[in-house]
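Colleague: A predicted structure for the sequence below; I have some questions about it.
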Amino acid sequence: MNTNPLKNGVLTENSAGIGTVTRKMVRERAIELARINGRSAQEMSKADRMQAKLELTGQSYPNPKEAILESAPESQRWDPVHGSTGHKVPVASNEDEDDEGRSDNERLVDEGIAGAEHDQRRQAAGNLPK
């Protein structure tokens, strides 16, 4: 089985590996990004450096909503209505259930078990006729 020799953080150029990402590579790409956006190399911003690093390492851009969610404590991550305690919804009755909440299938199984037990007791007593 052939495995891909390329690993995360390893760059390729024309399918040839060129090594891991260095600060110099990030800086050069950031300068390119600044120039693409109409700024000089001296006007390179932190955002240019961040984008260059993300591009070169193959990471995805952070989603602002996900970043906020990740910064929240685990206990507060799913709270659709902050401060709401919620309430229990009453269970709707099913037309197929009896007064005890048993379904038709449960009733049939219970009747079958009761009938089998009755037959076993009759056999044990010696009364074989039905």
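Modeller: That came through, no problem. Predicted model, so just to flag it, every value in this text is computed and none were measured. Numbering: from 1, shown residues only.
Colleague: CA only for contacts and neighbour counts going forward, please
Modeller: Will do.
Colleague: quick check: mean pLDDT across stretch 59-66?
Modeller: The average pLDDT within stretch 59-66 is 72.
Colleague: now that stretch, how far from the chain's geometric center?
Modeller: 16 Å (Cα atoms, centre = their mean, to the nearest Å).
Colleague: ok, now stretch 53-65?
Modeller: That offset, for stretch 53-65, works out to 20 Å (Cα atoms, centre = their mean).
Colleague: what's the end-to-end length of it?
Modeller: 21 Å (Cα to Cα, to the nearest Å).
Colleague: any idea where the helices of the chain begin and end?
Modeller: Counting by DSSP state H, residue ranges of the helices within the chain are 23-36, 46-57, 64-71, 104-125.
Colleague: what's the mean pLDDT across the last one?
Modeller: It refers to helix 104-125. 86.
Colleague: which strands and helices sit next to it?
Modeller: In terms of contacts (3 or more Cα pairs under 8 Å, 6 or more residues apart in numbering; DSSP states H and E), helix 104-125 is packed against no helix or strand at all.
Colleague: for this structure, give me the ranges with low pLDDT.
Modeller: Counting by pLDDT under 70, the chain contains low-confidence ranges at 1-18, 62, 75-84, 92-96, 127-130.
Colleague: who touches stretch 44-55?
Modeller: Val26, Arg27, Arg29, Ala30, Ile31, Leu33, Ala34, Ser60, Tyr61 (Cα atoms under 8 Å, 6 or more residues apart in numbering).
Colleague: quick check, nearest of those residues to Gln123?
Modeller: Ser60 (74.7 Å; Cα to Cα).
Colleague: so who does Ala67 touch?
Modeller: With Cα under 8 Å, 6+ apart, Ala67 has no contacts at all.
Colleague: next one: it from Tyr61, what distance?
Modeller: 11 Å.
Colleague: same check, this time on Ile113
Modeller: The spacing between Ile113 and Tyr61, counted by Cα to Cα, is 63 Å.
Colleague: and Ile36, by the same measure?
Modeller: For Ile36 relative to Tyr61 (Cα to Cα), the value is 19 Å.
Colleague: and for Ile68?
Modeller: Counting by Cα to Cα, the gap from Ile68 to Tyr61 is 14 Å.
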